[in-house]
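Asker: okay, here's the prediction I keep looking at, along with the sequence it came from:
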Number of protein chains: 2
Amino acid sequence: MSGGTLGLIAGGGELPRAVAHAARAEGRQVFVVPLLGSSTENWVRDFPHAFLSPGEPGRIIKALKEAGSEDVLLAGRVDRPKFNEMKLDAKGVMLLPKAIAAAKKGDDALLRFIVGICEDAGLRAVSVAQAAPSLVAKEGLLGRVAPGADHQADIEQAFKIVHALGKLDVGQAAVVCEGLALAVEAAEGTDAMLARIASLRESLRGTEDKRRGVLAKALKPTQDAKTDMPVVGVETVKEAHAAFLAGIAVEAGAALILDKQAVAAEADRLGLFVVGVKP
Amino acid sequence: MSGGTLGLIAGGGELPRAVAHAARAEGRQVFVVPLLGSSTENWVRDFPHAFLSPGEPGRIIKALKEAGSEDVLLAGRVDRPKFNEMKLDAKGVMLLPKAIAAAKKGDDALLRFIVGICEDAGLRAVSVAQAAPSLVAKEGLLGRVAPGADHQADIEQAFKIVHALGKLDVGQAAVVCEGLALAVEAAEGTDAMLARIASLRESLRGTEDKRRGVLAKALKPTQDAKTDMPVVGVETVKEAHAAFLAGIAVEAGAALILDKQAVAAEADRLGLFVVGVKP
């Protein structure tokens, strides 16, 4: 694909770094705009970059165009900004009322709004799948451990829950154990959701000796896969293990796996399955 | 209503006690069967009772009939039993395979199964609303604090989420703050769900100074209101306050409020609204 330099507007979390490295590994130039307040880390220093606020869309677009970007990707977690404390440029002041209205409709609406501003300025919004296709989950097993027949029903039920919630812009993940929904993700994120499984009554969940239950992650139907795709990494495998789960199912083609080799190795070591499913 | 003595099969939590006292206050005899392993408390000693296991349906039905019950109500939280450790009578042994199959379909299915056994034995299953109508939430405000116009959208969105989840037998409660789903209830219960709100990023939730967000509780569409109706009590008001919420909305006619006077007084004291809504 063409598109010149990839313009990567980077929020928090591991996704933006993985995208930047994967795109560069495929031979592409990458210019990063880490969003102020998103706790992006040192990795951006390895790339040409410019720190800017989400309230400075004029400067963001200018920086991307000067870097030769035609494609733009917003990746990573963006906290709902405190609009009254945000650094603003002229375009930001003008668009502020619309941004506040979008934020009220949910995080997805706010992200789509930011992407829309870039598109209005002539940039092309691309998805992670387009910018870094090697990260996308494929159908089938990732490691050597396979789900049992008893896990299939839990995988299906968990995807049903995530899809129902996703339509309401709630979350991307759920845990189901033998038909019972143990946990559903909202604003706390997948890590915090997994962390509370171990404190449920023992009769409901797995144990050290007998792992039970499945984590499912899927794309929200309200998303267009250009912003906040669900992500599984080595940490997710460790957290699922600590929650006594039997495995992880992700939506093939619509979820990302950061460092597939490392995820497969960790899943094998801990005895969990990781599987891509077309729900 | 007739029905003789109310046969109350009691799980854990505050609901069974409230039902027993409310039914007695309306002049009815009450016979309690506290389920072993459900951590029912000392209150049952105030009523004629017989401690039995969920695996002894034969003995449960016999005890209820000897006490003159024609109506039976299963109220309170019933942990999914460890079938291999459960005390069983002859009928229990016979029904065990069906009970295990029901438990796999979720908690509601298991409760309906137990109620069904009583119905097959000629008892009439009644709802909490029938046995203790004074507990049912009515439409309108309970205390003096009213929700603002900005809370109405959150109330509607929270009910949408709870209804979508309820169809999948997930949970009965959700918290929404200015359009964003902060938390969704699954197996952890409403108390644990509220307890995690305060650990979310401050930009997402209310604070000591500015309360934001709404807790909504509604009946699962998969329920027939004869088993596990959503319940709000004084503790719920305290927990919602600790989660920096602005108020609580319950489904009028389909949720229970334990001790309405005390709930209204506590809500007024803490500055929260409690409102019954027909969603």
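Answerer: Nice, I can see it.
Asker: return the residues of chain A in contact with chain B.
Answerer: Chain A has residues A:79-82, A:103-107, A:157, A:160-161, A:164-165, A:167-171, A:174-175, A:178-188, A:192, A:196, A:199-201, A:203-204 near chain B, with proximity defined as Cβ under 8 Å from any Cβ of the partner chain. Just so you know, the C-beta spots here come from the backbone N, C-alpha and C atoms, and that holds for glycine as well.
Asker: keep only those of the residues you listed that are in helices.
Answerer: Among those, the members found in helices (DSSP state H) are A:A103, A:K104, A:D107, A:Q157, A:K160, A:I161, A:A164, A:L165, A:K167, A:A192.
Asker: still on that earlier bit, and the residues of chain A next to chain B, which of them are buried?
Answerer: The neighbour count (16 or more other Cβ atoms under 10 Å in any protein chain shown) marks A:79-81, A:103, A:105-107, A:157, A:160-161, A:164-165, A:168-171, A:174-175, A:178-188, A:192, A:196, A:200, A:204 as buried among these.
Asker: doesn't A:K220 lie inside a strand?
Answerer: No. Counting by DSSP: H, G, I helix; E, B strand; the rest coil, A:K220 falls outside a strand, being coil.
Asker: that one and A:G166 touch, don't they?
Answerer: Yes. With contact taken as Cβ atoms under 8 Å, A:K220 and A:G166 are classed as touching, separated by 3.5 Å.
Asker: who's more crowded, the two?
Answerer: Each of A:K220 and A:G166 has its neighbours counted (other Cβ atoms under 10 Å in any protein chain shown); A:K220 has more, 25 against 21.
Asker: if I look at that one, how far off is A:V274?
Answerer: Counting by Cβ to Cβ, to the nearest Å, the gap between A:K220 and A:V274 amounts to 21 Å.
Asker: and for A:I257?
Answerer: On the measure of Cβ to Cβ, A:I257 and A:V274 end up 8 Å apart.
Asker: so what sits against both of these two?
Answerer: Residues touching both A:I257 and A:V274 by Cβ atoms under 8 Å, 6 or more residues apart in numbering or on different chains: A:L142, A:V232, A:V250, A:V263.
Asker: by neighbours, which of the residues you listed wins?
Answerer: Using other Cβ under 10 Å as the neighbour test, the shared contacts of A:I257 and A:V274 are led by A:V250, with 30 neighbours.
Asker: can you tell me the element it falls in?
Answerer: Under the criterion DSSP states H and E, the helix or strand holding A:V250 is strand A:247-251.
Asker: which SSE is immediately downstream of that strand?
Answerer: By DSSP H and E, the next helix or strand past strand A:247-251 is strand A:256-257.
Asker: now the helix or strand following that next one: how far from the chain's centre is it?
Answerer: If you walk from strand A:256-257 toward the C-terminus, the next helix or strand you reach (DSSP H and E) is helix A:260-270. On the basis of Cα atoms, centre = their mean, to the nearest Å, helix A:260-270 is displaced by 19 Å from the centre of the chain it belongs to.
Asker: do you know how far the residue nearest to A:A10 when sequence neighbours are not counted is from A:A173?
Answerer: When the adjacent residues along the chain are set aside, A:A10 lies closest to A:P16, with 3.6 Å between them (Cβ to Cβ, 6 or more residues apart in numbering or on different chains). In this structure, A:P16 and A:A173 are 20 Å apart, going by Cβ to Cβ.
Asker: now do A:A255
Answerer: Per Cβ to Cβ, A:A255 is found 10 Å from A:A173.
Asker: just A:V250 next, same as before
Answerer: Distance check for A:V250 against A:A173: by Cβ to Cβ, it reads 10 Å.
Asker: common neighbours of these two, please.
Answerer: Both A:V250 and A:A173 are in contact with A:A216, A:K217, A:A218, A:P230, where contact means Cβ under 8 Å, 6+ apart.
Asker: and the nearest residue to the third one once chain neighbours are set aside, what pLDDT?
Answerer: Using Cβ to Cβ, 6+ apart and skipping residues adjacent in sequence, the residue nearest A:A218 is A:E251, 4.0 Å away. pLDDT, A:E251: 93.
Asker: residue contacts, A:E251?
Answerer: A:E251 sits next to A:A137, A:F159, A:K217, A:A218, A:L219, A:P230, A:G276, A:V277, A:K278, A:P279 when contact means Cβ under 8 Å, 6+ apart.
Asker: A:L73 belongs to a helix?
Answerer: No. Secondary structure of A:L73, determined by three-state DSSP: strand, with no helix assignment.
Asker: just the pLDDT for it.
Answerer: Taken from the predicted model, the pLDDT recorded for A:L73 is 92.
Asker: and A:G12, by the same measure?
Answerer: Here the pLDDT value assigned to A:G12 is 81.
Asker: for it, what are phi and psi?
Answerer: phi -90, psi 180 (degrees, to the nearest 10).
Asker: correct me if wrong: it contacts A:A75.
Answerer: No. Look at A:G12 against A:A75 with Cβ under 8 Å: they stay out of range, at 10.2 Å.
Asker: so those two - more neighbours on which side?
Answerer: For A:G12 against A:A75, the residue with the higher neighbour count under other Cβ under 10 Å is A:A75, and the figures read 28 against 17.
Asker: quickly list what that one is bridged to.
Answerer: A:A75 forms beta bridges with A:A10, as assigned by DSSP bridges.
Asker: got it, and A:L6?
Answerer: Once the bridges are assigned, which here means DSSP bridges, A:L6 pairs with A:V30, A:D71.
Asker: from A:P230, how far out is it?
Answerer: For A:L6, the distance to A:P230 equals 21 Å [Cβ to Cβ].
Asker: how about A:E26?
Answerer: Taking Cβ to Cβ, one finds A:E26 at 22 Å from A:P230.
Asker: pretty sure A:A109 sits in a helix.
Answerer: Yes. Counting by three-state DSSP, A:A109 is found in a helix.
Asker: hmm, it is touching A:I100, no?
Answerer: No. In this structure A:A109 lies outside contact range of A:I100 using Cβ under 8 Å: 11.1 Å.
Asker: now the strands: where do they sit in the stretch 101-250 of chain A?
Answerer: Assignment of strands within the stretch 101-250 of chain A using DSSP state E, counting those that start in this stretch yields the ranges A:124-125, A:140-141, A:173-177, A:180-184, A:214-217, A:231-232, A:247-251.
Asker: got these as JSON lines, with distance to B:V33 columns?
Answerer: Converted to JSON lines, these look like this (distance: least, Cβ to Cβ, whole Å):
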{"stretch": "strand A:124-125", "distance to B:V33": "62"}
{"stretch": "strand A:140-141", "distance to B:V33": "48"}
{"stretch": "strand A:173-177", "distance to B:V33": "29"}
{"stretch": "strand A:180-184", "distance to B:V33": "24"}
{"stretch": "strand A:214-217", "distance to B:V33": "36"}
{"stretch": "strand A:231-232", "distance to B:V33": "46"}
{"stretch": "strand A:247-251", "distance to B:V33": "40"}
